[in-house]
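>>> Following is a predicted model, sequence given first.
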Amino acid sequence: MITRREFIKMAAALSAAFGLEGLPAPVAAALNRIDPKAVPRIIYLQGLSCTGCSISLLQADSPSPLSLITDFSQLAYHSDLSAISGKKALDLINAYISGQAGPYYLAVEGAIPEKMPEACVIGDKPFAAYLKTAAQTMSGAVAVGACACDGGIPGAEGNLTGAVGLKDFYEKQGIKKLVVNIRGCSVHPDWVWHTVIHLTKVGLPELVNGAPALFYSRKVHEQCPRYHDFQEEIFAKKLGDKGCLFKLGCLGPDTPADCPTRWWNGGRTWCIDSNAPCIGCASPGFARSKSIPFYRLSEKVKKGEKA
């Protein structure tokens with residue numbers, strides 16, 4: 001009989017050997033039975049965005065980006081990664097969007113300029129027009145990142161374009177279509193790739209506020225390693241201090257994400273580990289209000305009281 005400690009060590013070693021670190025159980029099982037020929041293709045379109053989410057997706061660690069976009073997702077088009085351009089690229093996009101090239105999932109990065117369609121154009125057609133057509137032909141839609149989910153920075157208070165997320169855009173157009181939101185700025189690669197695999201091989205994951213419960217069911221605050229400091233009222237007074245960062249504007253209590261247990265950059269670090277408050281990038285309200293800047297002191301400090 002082996003001890004619990006020996007079992008955990010053995011399980012960790014096996015996971016590492018097969019390159020499945022951090023995968024939810026249904027996703028890990030799905031990877032072992034994926035037939036690339038049976039996986040619907042992905043058309044990845046970009047709206048008002050900085051391309052940060054695409055860059056983040058290329059930092060995937062296990063499986064590798066190459067394996068994910070050729071074996072497990074069959075990425076048919078991405079403006080930054082596809083070799084084709086110009087008319088051939090437009091022909092490819094139109095072939096899928098029109099339903100002539102077979103089944104596909106639509107992935108959208110970036111917000112949609114609802115009040116100013118000409119602010120985002122693919123070829124000679126507004127981005128919004130492609131989305132309307134795709135609603136009739138796609139197998140499903142995944143909004144990648146804060147901008148695609150809820151408007152993000154392009155949708156900040158006072159913007160002129162009327163930027164909105166994909167779900168809001170469809171609802172305002174009277175289009176009833178399920179959109180899976182993968183929030184974050186930039187989004188964690190695991191959240192996207194594991195969701196895609198789950199959709200294609202397991203089915204629709206349980207959703208919380210439109211996002212997979214696998215990653216967004218608990219608040220950052222309740223999983224934070226500095227939660228004990230919060231309970232003991234040990235608060236940092238300036239950036240770089242040890243202690244809970246709540247009084248430096250940390251939005252962990254309002255942000256659902258598994259950052260404290262997943263970490264970033266291949267599991268090497270994350271915001272609070274680097275002494276930076278959570279700015280709430282995985283929250284639906286991220287960057288939307290002038291009254292909630294990314295970095296700020298608590299109300300008490302603003303009034304001249306001690307932190």
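Here it is on my side, so go on. Numbering: from 1, shown residues only.
>>> Going by residue numbers, what spans are helices in the stretch 51-200 of the chain?
Remark: helices assigned in the stretch 51-200 of the chain by DSSP state H, counting those that start in this stretch are 52-57, 65-67, 86-97, 127-134, 146-150, 166-172, 189-197.
>>> In contact with Ala213, which residues?
Listed by Cβ atoms under 8 Å, 6 or more residues apart in numbering, the contact partners of Ala213 are 205-207. For glycine as for every other residue, the C-beta is placed from the backbone atoms N, C-alpha and C.
>>> now with 10 Å?
Taking Cβ atoms under 10 Å, 6 or more residues apart in numbering, we find Ala213 in contact with 24, 205-207, 256.
>>> Let me have the helices of the stretch 51-200 of the chain in JSON lines, adding distance to Arg268, mean pLDDT and mean neighbour count as columns.
Shown next, in JSON lines, are the helices of the stretch 51-200 of the chain (distance: least, Cβ to Cβ, whole Å; pLDDT from 0 to 100; neighbours: other Cβ atoms under 10 Å):
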{"stretch": "helix 52-57", "distance to Arg268": "14", "mean pLDDT": "92", "mean neighbour count": "21"}
{"stretch": "helix 65-67", "distance to Arg268": "17", "mean pLDDT": "79", "mean neighbour count": "14"}
{"stretch": "helix 86-97", "distance to Arg268": "35", "mean pLDDT": "93", "mean neighbour count": "15"}
{"stretch": "helix 127-134", "distance to Arg268": "35", "mean pLDDT": "96", "mean neighbour count": "19"}
{"stretch": "helix 146-150", "distance to Arg268": "22", "mean pLDDT": "97", "mean neighbour count": "32"}
{"stretch": "helix 166-172", "distance to Arg268": "31", "mean pLDDT": "96", "mean neighbour count": "20"}
{"stretch": "helix 189-197", "distance to Arg268": "14", "mean pLDDT": "87", "mean neighbour count": "24"}
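>>> What confidence value was assigned to the closest residue to Gly155 other than its chain neighbours?
Taking Cβ to Cβ, 6 or more residues apart in numbering as the measure, Gly155 lies nearest to Ala163, with 4.0 Å between them; neighbours along the chain are not counted. Among the per-residue scores, Ala163 shows a pLDDT of 96.
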